[in-house]
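**Student:** Turn this into a model:
(one chain, ligands or ions: 3)
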Amino acid sequence: MAGLLRHLLQNIRLVSSFGKSHTKGAYSQKRHLASTTTTLYDWRAADEYVEISHGDAVMQFDYVWLRDTCRSAASYNPKTSQRILDTASIDLNIRPAQTKVTDGHLSLTWPDGHVTSYSLSWLAEHSYQVKTRTVLQNRVLWNRDTYDAAQVPSARWEEFMSSEAELRSFVQNFLLYGIAFVDGVPASVEATEAVSERVSIIRETLYGRMWSFTSDLSRGDTAYTTQALDRHTDTTYLHEPCGVQVFHCLQHDGTGGRTLLVDGFHAAHKVLEESPESFQVLCRVPIRHENIEAEGGHRNHLVGTGPVLSAHPWNRELYMIRYNNYDRAPIDTAPPEEVRRWYAAHRLLTARLRDPGNELWVKLTPGRVVFIDNWRVLHGRDSFTGLRRVCGCYLPRDDLLSTARALGLLA
Ligand SMILES: C[N+](C)(C)CCCC[C@H](N)C(=O)O
Ligand SMILES: O=C(O)CCC(=O)C(=O)O
Ligand SMILES: [Fe+2]
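**Tutor:** Numbers count the residues shown, from 1 in each chain. Ligands and ions are numbered 1, 2, ... in the order given. All right, here's what the predicted structure looks like:
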């Protein structure tokens, strides 16, 4: 997909040097052809949009969109990367007085004389037709064997804290696999906080900013016991669940307590292959999750609603799985026949999530910090004996992605 976009942009760039100019009235259906020795592309001004075609990509740009998106100094401030133009002031029936393509640039002269110009490659990059076939984030879906075989390296604390290259490869691995490790971290809350802050700001929740928990039932949640926890994502009871979970086991004198990791997108894709209808139901039915605490000095009643699977509507790319059977509330957000379909779809997804081949078990030890994409990878744990203390925090997903983009990564 990314390859196709690159191919498209490269070829449109070739056209830029062609330099043939076409000037015409706005409403003609006539197609304009421009060719080089290696490529052919054409454009036409239709009634409501300009259409640019290249290869099998046919891209349409609505006139209101073309006026609204104008990057001229009067319309857009490149210093702040913010729009100046008042969108509500645009005539919704606006048509350019003149449309032409010169040197690989589309320029439109509007009835008031304002000129808007776009390079064709920029337009292609921002076209719906190209976006529908481009993924936002490259991912490697994994099961235990493929994750093991990939031999993804952990970052080293010293390098991670000082080298941008080390941080970048860590973030790249996180984006690809939804999990990434840092080794050699001092076994303290402070060092865990420093590692987390290297990646993004920390997201404070009802559990605080940095947390450190053990099996003392200090909070009304199974996490604060020695019991096993089946695979789940956290904070499903927030409308926007936390994007990332950071765990650092500071101490464990006992048995059990291994961490389970499962690629939720891998399981969801299995569901899509086996039963597209089930996948659709999981994308469609809104599900509430709750966190109710009324004891121990904590008074919380959080409710979050969202489907189990969220996919971008323009390219069907999955971006979130919300799966927590402990915190799921009674389903009263869909009619009975839909509820029946939902339970069947949930059963299929659960079966794929529970496929032993999809389970990655790791024993977290002091010094080893794991970052988990809480919108993709489910976590759980074995029951355990003895004293076990785990610290960590949550990070907002947007801020991690912002860091990734600042490091030049596709996110
Ligand atoms: C991580 N920490 C121990 C602080 C909180 C645990 C939260 C547990 C909750 N059921 C959820 O899934 O969100
Ligand atoms: O104890 C653990 O390793 C994880 C518990 C858990 O699921 C959580 O704290 O979110
Ligand atoms: Fe959890």
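
**Student:** Going by C-alpha atoms from here, please, whenever you check contacts or count neighbours.
**Tutor:** Will do.

**Student:** who touches the strand or helix carrying Arg231?
**Tutor:** According to DSSP states H and E, Arg231 maps onto strand 229-232. Residues external to strand 229-232 that are found in contact with it (CA atoms under 8 Å, 6 or more residues apart in numbering): 222-223, 260-262, 323-325, 378-383.

**Student:** List phi and psi for the nearest residue to Glu166 once chain neighbours are set aside.
**Tutor:** Using CA to CA, 6 or more residues apart in numbering and skipping the chain neighbours, the partner closest in space to Glu166 is Phe160 (5.3 Å). The main-chain torsion angles of Phe160 are listed as degrees, to the nearest 10 and equal phi -60, psi -40.

**Student:** My guess is Phe160 contacts Ser169. True?
**Tutor:** No - the pair formed by Phe160 and Ser169 falls short of the contact definition of CA atoms under 8 Å, at 9.5 Å.

**Student:** now whatever residue of the stretch 201-350 of the chain ends up closest to ligand 2: how far from Ala73?
**Tutor:** Taking CA to the nearest ligand atom as the measure, the point where the stretch 201-350 of the chain comes nearest ligand 2 is Ala223, at 4.7 Å. From Ala223 over to Ala73 the distance is 54 Å, taken as CA to CA, to the nearest Å.

**Student:** So between these two, which is more surrounded?
**Tutor:** Ala223 (17 against 11; other CA atoms under 10 Å).

**Student:** List the neighbouring strands of the strand holding Arg231 plus their orientation.
**Tutor:** Paired neighbours of strand 229-232 in the sheet (DSSP bridges): strand 377-381 (antiparallel).

**Student:** Spit out the contact partners of Leu349.
**Tutor:** Under the criterion of CA under 8 Å, 6+ apart, the neighbours of Leu349 are Ala267, Ala268, Val271.

**Student:** again, only using 10 Å
**Tutor:** For Leu349, the contacting residues are 264, 267-272, 278-279, 282, 308, 323, 343, 355, by CA atoms under 10 Å, 6 or more residues apart in numbering.

**Student:** Just to check, Asp253 is in contact with Pro366?
**Tutor:** No - Asp253 is beyond contact range of Pro366, at 11.4 Å (criterion: CA atoms under 10 Å).

**Student:** Between these two, point out the one with more neighbours.
**Tutor:** Neighbours were counted for Asp253 and for Pro366 using other CA under 10 Å; Pro366 has more, 19 against 11.

**Student:** Which residue ranges of the stretch 101-250 of the chain form helices?
**Tutor:** Along the stretch 101-250 of the chain, the segments classed as helices by DSSP state H, counting those that start in this stretch run 120-125, 128-131, 144-150, 157-162, 164-177, 189-199.

**Student:** With respect to ligand 2, which of these lies nearest?
**Tutor:** When the helices of the stretch 101-250 of the chain are compared by CA to the nearest ligand atom, helix 189-199 sits nearest ligand 2, at 14.9 Å.

**Student:** Let me see the mean pLDDT of the closest one.
**Tutor:** Mean per-residue pLDDT for helix 189-199: 98.

**Student:** Sort out which residues of it are buried, please.
**Tutor:** Along helix 189-199, the positions that meet the burial threshold by neighbour count (16 or more other CA atoms under 10 Å) are Val189, Ala191, Thr192, Glu193, Val195, Ser196, Val199.

**Student:** try stretch 317-325
**Tutor:** Result for stretch 317-325 [16+ other CA under 10 Å]: buried residues Glu317, Leu318, Met320, Ile321, Arg322, Tyr323, Asn324.

**Student:** how near is the fifth one to Arg284?
**Tutor:** Distance, Arg322 to Arg284, by CA to CA: 13 Å.

**Student:** Now for those two: what residues contact both?
**Tutor:** Taking CA under 10 Å, 6+ apart as the contact criterion, the residues that touch both Arg322 and Arg284 are Gly306, Pro307, Val308, Leu309, Ser310.

**Student:** Take the buried residues of helix 189-199 and write them to JSON lines, including distance to ligand 1.
**Tutor:** What follows is the buried residues of helix 189-199, written out as JSON lines (distance: CA to the nearest ligand atom, whole Å):
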{"residue": "Val189", "distance to ligand 1": "13"}
{"residue": "Ala191", "distance to ligand 1": "17"}
{"residue": "Thr192", "distance to ligand 1": "14"}
{"residue": "Glu193", "distance to ligand 1": "14"}
{"residue": "Val195", "distance to ligand 1": "17"}
{"residue": "Ser196", "distance to ligand 1": "14"}
{"residue": "Val199", "distance to ligand 1": "18"}
